[in-house]
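Trainee: Any chance you could fold what I've pasted below:
(chains A, B, C and D)
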There are 4 protein chains.
Amino acid sequence: MPNPRNKVLDHGYVQLWDSMGDDLRIVNNARQSFGKESLELGEAEKGLISFLMHNRHGTPFEAVTFQFNVKCPIFVAREWFRHRIGSFNEFSARYSEMPREYYIPEPEDVRSQVGKPGSYTFKPITNGTQTWFRSELDATCGMAYIQYQNALKAGVAKELARCFLPVNFYTMFTWTVNLRSLFNFVSLRSAESAMLEIRCYSNAVEHEMKKIVPEAYNAFVENERVAP
Amino acid sequence: MPNPRNKVLDHGYVQLWDSMGDDLRIVNNARQSFGKESLELGEAEKGLISFLMHNRHGTPFEAVTFQFNVKCPIFVAREWFRHRIGSFNEFSARYSEMPREYYIPEPEDVRSQVGKPGSYTFKPITNGTQTWFRSELDATCGMAYIQYQNALKAGVAKELARCFLPVNFYTMFTWTVNLRSLFNFVSLRSAESAMLEIRCYSNAVEHEMKKIVPEAYNAFVENERVAP
Amino acid sequence: MPNPRNKVLDHGYVQLWDSMGDDLRIVNNARQSFGKESLELGEAEKGLISFLMHNRHGTPFEAVTFQFNVKCPIFVAREWFRHRIGSFNEFSARYSEMPREYYIPEPEDVRSQVGKPGSYTFKPITNGTQTWFRSELDATCGMAYIQYQNALKAGVAKELARCFLPVNFYTMFTWTVNLRSLFNFVSLRSAESAMLEIRCYSNAVEHEMKKIVPEAYNAFVENERVAP
Amino acid sequence: MPNPRNKVLDHGYVQLWDSMGDDLRIVNNARQSFGKESLELGEAEKGLISFLMHNRHGTPFEAVTFQFNVKCPIFVAREWFRHRIGSFNEFSARYSEMPREYYIPEPEDVRSQVGKPGSYTFKPITNGTQTWFRSELDATCGMAYIQYQNALKAGVAKELARCFLPVNFYTMFTWTVNLRSLFNFVSLRSAESAMLEIRCYSNAVEHEMKKIVPEAYNAFVENERVAP
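Mentor: Predicted coordinates:
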């Protein structure tokens, strides 16, 4: 039975496909330094996880691996793929036809930006602008998809026909990533300064991650979300 | 004096910003294994480079580093950023306004796709279709940019307003990469099975690379372009 | 029930601790490009694995992860740790006392070296030399261990006392590694030109790997053991 | 004219072989996000470096590359090679004969260890123990080298004969590494909890690094030596 999909944005999701290891695995990788092994997760083990997190002994966290299925807008995927420690297998718009799915933000997520890079704050915007933006974007994306289809029908290669499609169209990928790299991801992408849309995905990732390694996740939160 | 820009596609370029090391550096990194050093690039040194390439002794090629400035369409950048061994600093459409620059293929580059993934061949298409595709794409992108501008004027955040913009808009980035990773890049992206547009960029990268490490480049070509 | 340890050399082993994914996982990561999924491993799926291997589409192989427990001499570990794509957690001789375990080659493995780097061949050596080497090495290591113990008793820090210990003493580590990186490892370390001792470990790794991904392993062997 | 060697320990050194980029390069890689370029390093540029460091915007620091020549004891190299982001080319004791050079600590560096892992403190030890340790270690290493030589003369392969040699023998390597990875190295290896011997090397690395990127180095120190 596969894990359920966490719905994100209007057409996206994050699904935990598989994982390897747990809190005890982290402990036993760390105890490798002493040639010792723990058989269960007691207080000493929880204390060790906390110690490792706090002192940034990162490699034991690399011993736990996750695999996610993700569907997200292209402009979100572009930020995601900047994380180099991990593996991606993505839907190819060279090989396959893009489905007619694009992101239209909820009215309350149509927002303005104030302040400076790195410390932006975002504010809602007038209802009128929200309505205008959403309907305009919907119309534009719908039209772009018709042009994409027309180009395909006219025999234009998929890889070229996609030039019509905006960056809010959805893509899909699988992500294999270890826990250390995952902590780095959520420390950056769930942060307040992160873009709203990737933050929604990062929250879903956190939701799944904490089921697999609850103690490590607690230690991360208690350590002010600084990745090990 | 900066190196000249190699013009690629209609608005793009590849510029070698800087590099560290040369053919002799590769040799002397390999000779480290023997605790020896060469002072000039003679026949023995050229033979060693050829030997390293042929036998896939890759690490000495990592001792030469390149830095490129690149301007390319987003759908090209998406393939480029899949190369994880190297560093990217990219223009941010969260922080800055995208310029009005998008890719319209030359008429002869509007093409169809036949065959199967991994062994596609591409054929030209009727003149009528080429003309139709180019003018339609130009009109669509022009309109998308107006909508983008309108959204910005209405106070919508840059990171959201960009949802209007298609994947053929140009982005810019700096790429710091070692020679081994660069050989891997050009072996994949200059190949016949690669997408036409990234192949143009990869050819420009090769053009710059071979000026810096002519012997290593020769060895690569003679080794049937298999990366070390 | 943990997997059994594969005994290697006189005191070492390779044990598969855990793994994530299988042949079908590789297929479904590759099919992500087409937005498709296979439910079982039929002929089409096997053909796809073979295609991916032959054409060096490497990323789907990164979706399968292994975790090994290894005990090997330090001079073997030094070659092993050169493989950067993967995670190591090693026994620490700063924190813990080294056990009295060192490698003495079997008589027939005491060998001479002829030829040039990259194309060495190894020949057995006279019985007398084999006997001499083994008994001398055993005596030296035994004495070194006594000195190490004496230094510890005199209060010298473990990290410094270890200066007495030769590179044939055993260390232990956990290795988390994806299948693509693992193919690269065995392509280099099971090769004839590899050092005998690491080859024994690499063979044990192969033995475990092929149980988890038999089709991918077959494809690797049929592809002349070139890693994807 | 090559840079001078920084002498470290009794026979080792750190030499900056080459580098690419400087403080201004970091700025201009960061400014790539805005499509802007600075021509000189003024107050705004210094402020930006400080901002990047403090907010852990790490990629612009990857645009500066260093290449070091290092000679150090094997047990130091083993810690060094755990740093995976970077490239090593090392002297090979499979191909070449090891020179007769091994590390004997200065009398005051023969130390004891008190406390727990992660918070060890080290104290000097009695003069008698220091003298005993140093002369015993010297005698043992000298004898080990004679045995190594004897094994070579008897025809034993270099890769096997080295089994006699303790981990305090010197090795040599070249290290190509970007500034971000270098900050991570010095943050860990110059720390008080680091092993004395690698700390000496890390200090020499810092000495060279700060000549090339003085502003970034200042920002690192002011940021409590947390790597970006």
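Trainee: need the longest helix for chain A.
Mentor: Scanning chain A for the helix with the most residues, using DSSP state H, yields helix A:127-153.
Trainee: Now do that one: which elements does it pack against?
Mentor: Helix A:127-153 sits against helix A:158-161, helix B:127-153, with contacts defined as 3 or more Cβ pairs under 8 Å, 6 or more residues apart in numbering or on different chains; DSSP states H and E. (Glycine included, C-beta is placed from N, CA and C.)
Trainee: how big is the angle separating that helix from helix B:127-153?
Mentor: Per axes from the mean of the first three to the mean of the last three Cα atoms, to 10 degrees, the angle that helix A:127-153 makes with helix B:127-153 is 170 degrees.
Trainee: What residues of helix A:127-153 count as buried?
Mentor: Buried positions in helix A:127-153, judged by neighbour count with 16 or more other Cβ atoms under 10 Å in any protein chain shown: A:129-130, A:132-134, A:137, A:140-141, A:144-145, A:147-148, A:151-152.
Trainee: before we move on, what about stretch A:217-227?
Mentor: Within stretch A:217-227, judged by 16+ other Cβ under 10 Å, the buried ones are A:217-220, A:223, A:227.
Trainee: average pLDDT for it?
Mentor: Throughout stretch A:217-227, pLDDT has a mean value of 96.
Trainee: is it fair to say residue A:36 lies in a strand?
Mentor: No: using DSSP: H, G, I helix; E, B strand; the rest coil, the secondary structure at residue A:36 is coil, not a strand.
Trainee: what's the burial count for it?
Mentor: Residue A:36 is flanked by 12 other residues according to other Cβ atoms under 10 Å in any protein chain shown.
Trainee: The one 5 residues further on too?
Mentor: When counting by other Cβ under 10 Å, one arrives at 17 neighbours for residue A:41.
Trainee: roughly how far apart are it and residue A:26?
Mentor: 10 Å (Cβ to Cβ, to the nearest Å).
Trainee: ok, back up a step: can you put the helices and strands packed on helix A:127-153 in a markdown table and add mean pLDDT?
Mentor: Output for the helices and strands packed on helix A:127-153, formatted as a markdown table (pLDDT from 0 to 100):
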| stretch | mean pLDDT |
| --- | --- |
| helix A:158-161 | 96 |
| helix B:127-153 | 97 |
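Trainee: Minimum distance to residue A:125: which of the ones you listed has it?
Mentor: With Cβ to Cβ as the measure, helix B:127-153 is the member of the helices and strands packed on helix A:127-153 nearest residue A:125 (10.1 Å).
Trainee: Flag the shaky bits of chain A, pLDDT-wise.
Mentor: Residues of chain A meeting the criterion pLDDT under 70: A:1, A:117-120.
Trainee: about what we covered before: in CSV, list the buried residues of helix A:127-153 along with distance to residue C:169.
Mentor: As requested, those are exported to CSV (distance: Cβ to Cβ, whole Å):
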residue, distance to residue C:169
A:129, 71
A:130, 69
A:132, 73
A:133, 67
A:134, 68
A:137, 66
A:140, 68
A:141, 65
A:144, 65
A:145, 65
A:147, 68
A:148, 64
A:151, 66
A:152, 65
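Trainee: Going along the chain, name the helices of chain A.
Mentor: Using DSSP H, helices in chain A cover A:23-31, A:43-54, A:74-80, A:127-153, A:158-161, A:179-189, A:196-212, A:214-222.
Trainee: can I get these in TSV with distance to residue C:82?
Mentor: Converted to TSV, the helices of chain A look like this (distance: least, Cβ to Cβ, whole Å):
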stretch	distance to residue C:82
helix A:23-31	20
helix A:43-54	25
helix A:74-80	30
helix A:127-153	47
helix A:158-161	38
helix A:179-189	21
helix A:196-212	31
helix A:214-222	29
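Trainee: Compare the ones you listed and give me the one nearest residue C:183.
Mentor: Of all those, helix A:179-189 sits nearest to residue C:183, with 21.3 Å by Cβ to Cβ.
Trainee: Okay, buried residues for stretch A:199-207 please.
Mentor: Buried positions in stretch A:199-207, judged by neighbour count with 16+ other Cβ under 10 Å: A:199-202, A:204-206.
Trainee: no no, stretch A:5-20
Mentor: Quick answer for stretch A:5-20 (16+ other Cβ under 10 Å): A:6, A:8-9, A:11-20.
Trainee: Quick check: which of those are also close to chain C?
Mentor: With Cβ under 8 Å from any Cβ of the partner chain as the criterion, the buried residues of stretch A:5-20 include A:18-20 near chain C.
Trainee: Just the closest of those residues to chain C, please.
Mentor: Checking those against chain C with Cβ to the nearest Cβ, the nearest one is residue A:20 at 3.8 Å.
Trainee: Residue C:18 is in contact with that closest one, correct?
Mentor: Yes: if you go by Cβ atoms under 8 Å, residue A:20 and residue C:18 touch, sitting 5.5 Å apart.
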